[in-house]
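Enquirer: Just to be clear, the model below is a prediction. Sequence and coordinates:
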Amino acid sequence: MIDDIYNIDVLRLAAHITRIEPLASADAEVALRSPLCGSTIKVQLCIEDGRVTDYAHEIKACALGQACASVMAAQVIGRDEAEIARVREEMEAMLKDGGSPPDGDWAALAALAPAKDAKPRHGAILLPFDAVLKGFAEIRAAAH
């Protein structure tokens, strides 16, 4: 089972994380910790017209969390809150209910499908989505 979960695609994604340099300034900075496994993420977001224009992160997690963070870093620029929320919902359905993995630009997340049986790792996998969504929420709250 461990070989299925930590497959070559997961390890490749985890080894190639981009956007790790802190931003000079950000519209939101979010730090989250998964209570179950202890994984942490810090993200910085710049948002313009409801879309991510710049992004940086620091992740301390297992290879599964790192792999998801890697895909987030590769795909988040130009995305809006609704798309990030939709992909998070697809990921949660994939992990909890055996649903289909996200497709299109987010198709690399399919590598995480074998982790559905590793429930303690679900929080690490969803952490990048939760952090970005919290960043959108903080920016929205600050605007009102």
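Expert: Now that the structure is in, tell me what you want to look at.
Enquirer: Sketch out the helices for this protein, chain order is fine.
Expert: Secondary structure of the chain (DSSP state H): helices located at 2-5, 8-15, 63-75, 81-97, 122-142.
Enquirer: closest to P22 out of those?
Expert: Checking the helices of the chain against P22 by Cβ to Cβ gives helix 63-75 as the closest, at 13.3 Å. All C-beta atoms are positioned from the backbone trio N, CA, C, and that covers glycine.
Enquirer: And for the closest one, what's in contact with it?
Expert: 5-6, 9-11, 13-14, 16-20, 34, 37, 39, 41, 55, 57, 59, 61, 91, 105-106, 108-109, 111-112, 115, 118, 121, 124-129, 132 (Cβ atoms under 8 Å, 6 or more residues apart in numbering).
Enquirer: Output that helix in CSV with nothing but the alpha carbons.
Expert: Below are the C-alpha coordinates for helix 63-75, written out as CSV (Å, rounded to 0.1, in the frame of the first residue of the first chain):
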residue,chain,number,x,y,z
ALA,A,63,5.4,13.8,0.1
LEU,A,64,1.6,13.8,-0.5
GLY,A,65,1.2,17.3,0.9
GLN,A,66,4.2,18.5,-1.0
ALA,A,67,2.9,17.0,-4.2
CYS,A,68,-0.4,18.8,-3.9
ALA,A,69,1.4,22.0,-3.0
SER,A,70,3.5,21.5,-6.1
VAL,A,71,0.5,21.3,-8.3
MET,A,72,-1.1,24.3,-6.6
ALA,A,73,2.0,26.4,-7.3
ALA,A,74,2.1,25.3,-10.9
GLN,A,75,-1.6,26.1,-11.5
